[in-house]
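Peer 1: Based on what follows, work out the 3D shape:
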Amino acid sequence: MFLVRRVCKVSNRANVPKTADLLTKICKAYEEEQGRDKATIYIGGKATPGKEIVVCAEWTQESLGELKVPTGVPSSVMENSPKLVALIDSYEIEFYEVATQEKIDSWIS
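Peer 2: Numbers count the residues shown, from 1 in each chain. A predicted model of the protein is given here:
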């Protein structure tokens, strides 16, 4: 299993709520139209300590092969992505392998 995190860096605090709203709409479109696992949206650095302000979406998936969009990009994603890009300074996608005990045991042996 893998954890995927989309990190949006935001320098203008006033843009944080709208960024979170758009990221929520984008993730919801993938969840509803392509069955992706539910994303958690969270904010760092606005009301919490942090080096920078970020709005993140995080979800899990069984394989990284699922990143290939089987039915194309949902129309609401096409509509909301440019709005999101206009509010943020940058974004990146991070990938992590979830270290279950079973995986850890297989790596050790």
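Peer 1: quick one: the strands in this structure?
Peer 2: 2-9, 40-44, 54-61, 90-97 (DSSP state E).
Peer 1: roughly how far out does the first one sit from the chain middle?
Peer 2: Taking the mean C-alpha point of strand 2-9 and that of its whole chain, the gap between them comes to 4 Å (C-alpha atoms, centre = their mean, to the nearest Å).
Peer 1: strands paired with that strand, and their directions?
Peer 2: strand 54-61 (antiparallel), strand 90-97 (antiparallel) (DSSP bridges).
Peer 1: Just the CA trace of the first one, in CSV.
Peer 2: Right, strand 54-61. What follows is strand 54-61, C-alpha atoms only, in CSV (Å, rounded to 0.1, in the frame of the first residue of the first chain):
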residue,chain,number,x,y,z
VAL,A,54,0.8,24.4,3.0
VAL,A,55,-2.5,22.8,2.0
CYS,A,56,-2.2,19.1,1.6
ALA,A,57,-4.4,16.2,0.3
GLU,A,58,-3.4,12.7,1.3
TRP,A,59,-4.8,9.4,0.3
THR,A,60,-3.8,5.7,0.1
GLN,A,61,-3.8,3.3,-2.8
